[in-house]
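1. Kindly generate the corresponding structure for this input.
(one chain, ligands or ions: 1)
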Amino acid sequence: MDARAVLASLRKGEALSRDQIRWFAGGLASKDVDDAQAGAFAMGICRNPMTVDARVALTMAMRDTGRVLHWDLPGPVVDKHSTGGVGDCISLTLGPAIAALGAYIPMLSGRGLGHTGGTLDKLEAIPGLSTEMSGEAFQRVVRDAGCALVAASADIAPADRRLYAIRDVTSTVESIDLITASILSKKLAGGVGPLVLDVKTGSGAFMKSIEDSEALARSLVTTANSAAGPAGALITDMSQPNVPSVGNALEIMEVMLALTDPDESSQISILTAELGGELLRLAGMAESRAEGARQVLDAMRSGAAAERFGRMVAAKGGPVDFVERWRDRLPSAPVVREVNAPHAGTVAAIDGHALGMGVVHLGGGRLRAGQGIDPSVGLSDVAMIGDPVEAGDPLAIVHGATEEEADAIARELTGAFTLGEGQIDPPPLIYKDIA
Ligand code: URA
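-> Predicted structure coming up:
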């Protein structure tokens with residue numbers, strides 16, 4: 001077989017065979033396929049959607065180009081994945097809560113992508129904490145704390161690592177087949193069984209419409225069910241941040257508030273409970289999502305989830321007293337500025353993409369691959385849809401490294417909030433579940 005024959009099939013609109021797909025994935029990892037051929041393959045798939053069987057074959061083939069982890073643990077091994085958003089720190093509350101209930105949740109997590117934040121960058125806002133771990137250390141932390149969120153090593157799904165970089169520069173990221181195979185090949189290489197997917201929709205998500213989000217959710221669930229085990233998805237709102245802060249250390253503060261007093265942080269607690277409840281149902285640990293959600297909230301209210309979070313932080317080199325002393329331990333930015341409402345009204349819409357890019361421009365995300373980031377910068381006290389404001393009231397607080405940067409972003413973000421009149425209802429947190 002050779003790359004030209006596979007590409008010729010794609011050009012003619014023929015369905016690729018399992019052997020062709022497996023050969024191509026192997027060639028991506030071994031470099032028998034060159035960059036031009038990989039780009040042509042990605043464009044071919046964008047123009048010629050795959051059958052379910054072909055998508056499953058691509059997912060498994062990309063998984064098998066690298067190491068597949070195996071776990072020998074006395075409870076179910078489960079996982080959660082979010083398609084990414086702004087102020088989305090739910091993996092950090094859900095992981096420890098699920099661990100406190102007796103399941104094991106080894107999460108291979110990512111860094112910030114585009115305007116969205118990354119779980120690893122957020123965790124690394126905790127002084128001393130490292131998310132890079134050897135395979136042995138990863139196994140040890142999962143066994144002891146029940147959860148660990150770590151960076152995927154280079155030998156996990158290397159075909160995806162290469163294809164993703166090429167998609168990024170050939171305008172071929174937006175293919176449901178390629179997104180599905182990319183996400184799931186890495187998740188399945190993590191060796192997990194039941195999987196819950198948080199598919200975000202709205203201004204701060206990659207998928208802006210419910211229709212596109214639903215198509216992606218269905219593709220992820222169908223493929224995961226065929227390739228691995230039970231999977232379910234919730235389509236959740238991303239027309240505003242999941243918490244009123246955006247930025248690495250600032251989101252860790254929101255996580256600690258939710259883990260120590262979940263009833264005061266309702267939005268993140270509800271999403272954690274619903275996604276966690278669905279995961280417990282898929283793992284056979286709850287009769288229904290609602291019963292699972294009750295278990296998750298109990299684990300948060302009792303302090304058991306916070307205790308697991310503390311164990312994980314200490315095991316990764318962070319402060320041993322983080323759960324008690326997080327307010328003193330997290331870095332804070334030297335300058336704060338308000339984003340002021342230009343007139344009175346009610347928050348009607350929020351441009352989540354603009355908020356995310358505001359944090360990137362403050363230095364909290366990357367404009368170039370490999371760039372360092374400042375964990376302390378970001379936004380807090382973000383007004384939510386339905387909040388009434390008077391002229392001059394703060395719509396958000398900018399935390400910046402310098403006065404110039406904080407002033408510039410504060411001016412720019414005034415336009416990220418649309419103010420309407422009268423009562424405006426907040427959007428639902430969950431639009432749909434896909435089982
Ligand atoms: N996240 C991934 O891992 N892959 C994609 O293709 C898109 C988002």
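
2. What residue in the stretch 151-300 of the chain comes nearest to the ligand?
-> With C-beta to the nearest ligand atom as the measure, residue 182 is the residue of the stretch 151-300 of the chain nearest to the ligand, at 3.4 Å. From N, CA and C alone the C-beta is placed, and that goes for glycine too.

3. give the contact list for that residue.
-> Neighbouring residues of residue 182 by C-beta atoms under 8 Å, 6 or more residues apart in numbering: 62, 160, 163-164.

4. was I right about residue 280 contacting residue 101?
-> Yes - Residue 280 is in contact with residue 101 according to C-beta atoms under 8 Å; the separation is 6.8 Å.

5. higher neighbour count, those two?
-> Neighbours around residue 280 and residue 101, counted as other C-beta atoms under 10 Å, are more numerous at residue 280. The numbers are 29 against 23.

6. Where does the more buried one sit, in terms of helix or strand?
-> Element membership of residue 280, judged by DSSP states H and E, is helix 266-282.

7. Identify the residues contacting the helix or strand of the chain with the lowest mean pLDDT?
-> In the chain, no helix or strand scores lower on mean pLDDT, DSSP states H and E than helix 158-170, which sits at a mean of 90. Outside helix 158-170, the residues that touch it by C-beta under 8 Å, 6+ apart are 25-26, 28-29, 31, 35, 38-39, 41-43, 61-62, 65-66, 154, 172-173, 175, 178, 181-182, 185-186.

8. Same question for stretch 171-179.
-> By C-beta under 8 Å, 6+ apart, the list of residues contacting stretch 171-179 reads 39, 42-43, 45-46, 49-50, 54-55, 58, 83, 163, 166-167, 215-216, 219.

9. repeat for stretch 312-327
-> Counting by C-beta under 8 Å, 6+ apart, residues outside stretch 312-327 touching it are 95-96, 123, 126-131, 133, 140-141, 144-145, 147-149, 252-253, 256, 259-260, 306-307, 309-310, 329.

10. returning to what we had before: what about burial for the contacts of helix 158-170, which qualify?
-> Among these, those scoring as buried are 25-26, 28-29, 38-39, 41-43, 61-62, 65-66, 172-173, 175, 178, 181-182, 185-186 (criterion: 16 or more other C-beta atoms under 10 Å).

11. could you pull out the strands for the stretch 301-435 of the chain?
-> Using DSSP state E, counting those that start in this stretch, the strands found in the stretch 301-435 of the chain span residues 335-340, 345-350, 378-380, 388-389, 394-400, 417-420, 430-434.

12. among those, which is nearest residue 291?
-> For residue 291, the closest of the strands of the stretch 301-435 of the chain is strand 430-434, at 14.8 Å, according to C-beta to C-beta.

13. just checking, what packs against the closest one?
-> helix 210-227, strand 231-237, helix 266-282 (3 or more C-beta pairs under 8 Å, 6 or more residues apart in numbering; DSSP states H and E).

14. Dump the ones you listed into TSV; add distance to the ligand and mean pLDDT as well.
-> Converted to TSV, the helices and strands packed on strand 430-434 look like this (distance: least, C-beta to the nearest ligand atom, whole Å; pLDDT from 0 to 100):
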stretch	distance to the ligand	mean pLDDT
helix 210-227	9	96
strand 231-237	14	98
helix 266-282	17	97
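
15. Would you mind giving these as a markdown table with distance to residue 199 added?
-> Shown next, in a markdown table, are the helices and strands packed on strand 430-434 (distance: least, C-beta to C-beta, whole Å):
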| stretch | distance to residue 199 |
| --- | --- |
| helix 210-227 | 4 |
| strand 231-237 | 5 |
| helix 266-282 | 11 |
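
16. separation between residue 313 and residue 92?
-> From residue 313 across to residue 92, the span is 10 Å (C-beta to C-beta, to the nearest Å).

17. for residue 352, same thing?
-> 19 Å.

18. Please apply the same query to residue 261.
-> Residue 261 is 16 Å from residue 92, by C-beta to C-beta.

19. So these two - more neighbours on which side?
-> residue 92 (26 against 13).

20. Using the three-state scheme, assign residue 200.
-> strand (DSSP: H, G, I helix; E, B strand; the rest coil).

21. do residue 184 as well
-> Reduced to three states by three-state DSSP, residue 184 is helix.

22. you'd agree it is up against residue 60?
-> No - contact between residue 184 and residue 60 fails when scored by C-beta under 8 Å: they sit 9.0 Å apart.

23. Need the residues touching each of residue 280 and residue 101.
-> 295-296.

24. Could you name the helices and strands sitting against the helix holding residue 280?
-> Using 3+ C-beta pairs under 8 Å, 6+ apart: helix 266-282 touches strand 79-82, helix 90-100, strand 195-201, strand 231-237, helix 248-260, helix 289-301, strand 430-434.

25. any chance of the ones you listed in TSV, with distance to residue 1 too?
-> What follows is these, written out as TSV (distance: least, C-beta to C-beta, whole Å):
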stretch	distance to residue 1
strand 79-82	32
helix 90-100	39
strand 195-201	32
strand 231-237	31
helix 248-260	45
helix 289-301	45
strand 430-434	36
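
26. For residue 413, find the nearest of those.
-> helix 248-260 (14.6 Å).

27. hang on, the earlier thing: which of the contacts of residue 182 come close to the ligand?
-> residue 164 (C-beta under 6 Å from any ligand atom).

28. Could you check how far residue 2 is from residue 25?
-> Counting by C-beta to C-beta - residue 2 and residue 25 are separated by 14 Å.

29. With residue 56 instead?
-> Counting by C-beta to C-beta - residue 56 and residue 25 are separated by 12 Å.

30. which one among the contacts of residue 182 gets closest to residue 224?
-> The closest of the contacts of residue 182, once distances to residue 224 are taken by C-beta to C-beta, is residue 62, at 13.7 Å.

31. Now do the helix or strand containing the closest one and helix 158-170, the angle between them.
-> Element membership of residue 62, judged by DSSP H and E, is helix 52-63. Relative orientation of helix 52-63 and helix 158-170, computed by axes from the mean of the first three to the mean of the last three C-alpha atoms, to 10 degrees: 110 degrees.

32. So for helix 52-63, mean pLDDT?
-> Per-residue pLDDT values across helix 52-63 average out to 97.

33. same thing with stretch 13-24?
-> 95.

34. Cool, thanks, talk later.
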